[in-house]
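Trainee: Provided below for reference: sequence and predicted model.
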Amino acid sequence: MEMAEMTVTSMSGAGAGGTGSWRQEPWLNTDGSYDAPHDTAGAAVEVQNAAFGYKSPDLVETRILQGVNLQVKAGSFVMIAGPVGSGKSTLLASLAGARPALSGLCRVRGLRAFVPQKPFLLNGSVKENILFGLPCDQERYESALQTAALPEDLKTLSRGDATMVGESGVQLSGGQKARVALARAIYSDADVICLDDVLSAVDAHTARFIWEKCFTQGFLKLKKTVILVSHQIQYLSRPEVNSVVILREGRIWLQGSWGELARSGDAFLNLVEEWEEMEEEDAGEKAESKESKEKPREHQRSVDSQVGLHECQSAVASVLGALEGRRINGSLIQSVRRSLAGEAELEADLVREGTISWTDFRVYLEAFGSSTVICIMLLLMVFSAVSQIASTLWLAAWTSNRDSDQEKNVLVYFFISVSTSLANCAQAILLTVCALAASRTIHQKMLQKILAAPMSFFDASPTGRVLNRFLQDLQNIDSFVPNSISDQIVKTLNIVTQLSLVYIEAPWVLCTLPVLAVPYSMIYKRMRIPNRDSRRLESAARSPVYTHFNDTLHGRETLRAFGAEARFERENLRHIGVMSQGLYGNQAVSKWAQALTTQWGCVLYCASAFVCVELARKGQMPAGHVGLVLLYSAQLQRGMMDYMTMGAADVETKFVSVERVAEYVRLEGETEGASVVENWPKGEVKLEAVAMRYRLHRDLVLRGIDLHIPTKSKLAFCGRTGCGKSSLFSALNRLYPLAAGRVIIDGIDISTLPLRTLRANVRVVSQESFLISGSLRQNLTMGASAARAHPDDVLWHCLRIVGLEDKVRSLPNSLDFAVETAGQNFSVGERQLVTLARVLVPGEPCDFANWTPPKILLCDEATANIDVITDEKVHDVVLGLDATVMMICHRLQHISRFQQVVVLDAGKLVEHGSPDVLLDSSRTTPSHLARLCAAAGL
């Protein structure tokens, strides 16, 4: 128990002290750079000869921007542009106060708001994320929602703005996450608004709405200072923009108003000309396709579909799987009812009620060892307990009979003592080996189940909860469970042997046992349930501590920009306080039981002393045996107290961790197919009445989609943010089970295929890039072993395709360059390009001569975070691949380059056809695509 108390104390100290030291980093308040008062008449931002970048954990500086000189007037609108990796996000984060200036001066006057390129969302409701700790002003809140174009999205969410967004906003689409973060900045009423490429995450229509409503009619009318990083070059020349800053090769290349830059010389004019050529190429392709068009194809018929019977069957199967090994009780019924009613999008870390089930005990015992090993260990424990009593009896007999053979007595006593020691050593070694094997086996089973768990599990389970199982609960299983079981068995054997000895020497003493059984049993009944359940509460309350730490770690830049460190420190202490309440209750119950059992135990000791003294006075008991009985009466008193009150309850309490871990060991994995197909796929895809929802009893996100995609065709998917584009890609990769319909690739229903086969051949570039901590080579090959290493020329070819070859060759160790956690030493755009290069690397190693692209490539807005020139090059390469390419497009400039365009709305396919047909101006009724392009100003 002392160890547990020290753990909580250290966690509290680490939480408070760690946050405090984080807030006290010298760069946060150096020279008043981020706390200067707002002066509407002067400069809102002032940067003089500054260098920006980051420091590695060993304090090695990496400078991304150098020699920066910048002055932004209060109330002005500044846009920052530049190629991928030029330092745009680094500069903006530094101006927002989220990162240090490595040298020079950086002063920002007034309150700041910051929206990073990857929006930071708390694991809370939409409203909590927008308010971000501020009191709710309903009028201002409604205005923020309208300005960020969120009302329509809130109508589609099950609980409106009370919907839980999940960890990192997993319940929202990429565009919705960006607009929630934008609404937070609007509601904050800050003086300086720093926005990192918020327009790339939304569709063209929404981007134009945000520009007019948020920037033109919002921030600028309120005299807010706005600094916007954007790859949307069409906005740079807008009259609302007071200044344009163009970065290149880690420096400010050009800055000034659009008119000033146009008069600055040929360098800027050449850049603009290059941008315009990109747009003209797209327009030219669009016109050419119109001239050569044939008869318009008939629109594909929409077919309404209902949820199929197989969804109900899968639901019943999942419920039966959840009931395995569990009794139907009130808590289970309540949890099922909450799920059916859709009361919460995230499952709570449920606290079980009642006795720990035998199936949970069996999970540990099966991992502990075979029945033979357990029997051997029990025999060693029995032998050790008997030999200890035997040594004491022999010693008592020896001292009572001084005329006996001393040499024989010594040898016998030595033999018994050595045997006892050997048995104890063997028992300890066997216990340690089995305990380590059990921990290793349980950890492997948990990890395998987690890796094979469906996406719905991760949507509903915050990282902190999973970490709690793998950290605290496994630590308890490592450190406490084996010793708790062993101690309880030893206590049981000791009580039996001690009772036997006392019965032989002074049987009248045992008359007190029935008297003691009544208070001991009452104490045990009273303390067992609160002792066990308080441990359950403490274990469940530990998950929010980890979740809050995870939120703080990932959102540290946003917290610094908004000045929310003190609030998050208080929140951290509150979570630790709740966790400590459970532990305090557990300790209080234990100490209460110890105090009462100690008092009642004195009855047995006093009775033993009285009987032994009386027998010795009458000469019926030797003096040596009197001491022996008193010794074992004292031990028996302590043993019965530990066994009846503390021991059994302690075992059950420690097994709470096993109970929680067993939940993950029994997790149901994704449904696997068994079909084995050679030379698959070719690239033909058919969707037949596809319907999908993320979780049972939630609204459908895809509604009866029928679509035929010929082999090697190039499709663009368009539609408003949240219309189901990313959900459709999830269905193609079986990340979520279908509610109805089926997906067929080259005549094979993908539900019959092994997931490994499907996902190795249908490659996806997701909205959010993902890099692991390791070398760049490992990130490209996803950790393939040296025996299965890909040749360097294949990796260089994939990097060349996405335009990263020169960048990687300039890095130290090139392909073996160390990537930091989550790729923090790469820009967001560079991470996206590395992710794109990764999907081009074959699943199986091959020579460069045999390299072929994936047959089916899904790109979920893969170029949203890169500049227009790199975007054009990536489109040239991807659309030139000998593969079926499906790409979600928010930048509608490239629409004419695709063979087919699919428009989705509210999970339905509303339009499908070639771009020239859909954009034909002679149509009596404009198509959905034409309306989207018109809304985007194209």
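Mentor: Received it, and whenever you're ready, just let me know what you need. Numbers count the residues shown, from 1 in each chain.
Trainee: where do the helices sit along the stretch 351-500 of the chain?
Mentor: Along the stretch 351-500 of the chain, counting by DSSP state H, counting those that start in this stretch, helices occupy 358-368, 371-400, 406-451, 455-460, 463-468, 474-479, 481-505.
Trainee: now mean neighbour count too, for those, in a markdown table please.
Mentor: C-beta here means a position set from N, CA and C on the backbone, and glycine is covered the same way. As requested, the helices of the stretch 351-500 of the chain are exported to a markdown table (neighbours: other CB atoms under 10 Å):
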| stretch | mean neighbour count |
| --- | --- |
| helix 358-368 | 18 |
| helix 371-400 | 16 |
| helix 406-451 | 15 |
| helix 455-460 | 18 |
| helix 463-468 | 20 |
| helix 474-479 | 18 |
| helix 481-505 | 18 |
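Trainee: now the longest helix belonging to the chain: how far from the chain's centre is it?
Mentor: As assigned by DSSP state H, the longest helix anywhere in the chain is helix 565-617. Helix 565-617 has its C-alpha centroid displaced from the chain centroid by 38 Å (CA atoms, centre = their mean, to the nearest Å).
Trainee: what is the orientation angle of it with helix 481-505?
Mentor: Interaxial angle, helix 565-617 versus helix 481-505 (axes from the mean of the first three to the mean of the last three CA atoms, to 10 degrees): 20 degrees.
Trainee: helix 565-617 packs against which elements?
Mentor: Under the contact definition 3 or more CB pairs under 8 Å, 6 or more residues apart in numbering; DSSP states H and E, helix 565-617 sits against helix 2-23, helix 512-554, helix 623-641.
Trainee: circling back: which of the helices of the stretch 351-500 of the chain sits closest to Asp876?
Mentor: Evaluated with CB to CB, the helices of the stretch 351-500 of the chain place helix 455-460 nearest to Asp876, the distance being 32.9 Å.
Trainee: quick one: average confidence on the closest one?
Mentor: Averaging the model's pLDDT scores along helix 455-460 yields 81.
Trainee: the spatially closest residue to Gly843 that is not a sequence neighbour sits in which helix or strand?
Mentor: Spatial nearest neighbour of Gly843, chain neighbours left out: Ala760 (4.3 Å); criterion: CB to CB, 6 or more residues apart in numbering. Per DSSP states H and E, Ala760 falls inside helix 755-761.
Trainee: partner strands of the helix or strand just after that helix, with direction?
Mentor: Sequence order places strand 762-765 as the next helix or strand after helix 755-761, per DSSP H and E. If you go by DSSP bridges, strand 762-765 pairs up with strand 856-860 (parallel).
Trainee: list the buried ones in the helix or strand following the strand it pairs with?
Mentor: Downstream of strand 856-860, the next assigned helix or strand under DSSP H and E is helix 868-879. Using 16 or more other CB atoms under 10 Å as the test for burial, helix 868-879 gives 868-875, 878-879.
Trainee: helices or strands next to helix 868-879 in the packing?
Mentor: helix 266-291, helix 792-802, helix 828-840, strand 884-888.
Trainee: please give me every residue in contact with the spatially most central residue of the chain.
Mentor: For the chain, the residue nearest the mean C-alpha position is Thr463 (3.8 Å; CA atoms, centre = their mean). For Thr463, the contact set (CB atoms under 8 Å, 6 or more residues apart in numbering) comprises 167, 546-547, 550.
Trainee: re the thing from before, redo the helices of the stretch 351-500 of the chain as TSV? Include distance to Arg570.
Mentor: As requested, the helices of the stretch 351-500 of the chain are exported to TSV (distance: least, CB to CB, whole Å):
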stretch	distance to Arg570
helix 358-368	37
helix 371-400	49
helix 406-451	32
helix 455-460	27
helix 463-468	18
helix 474-479	27
helix 481-505	35
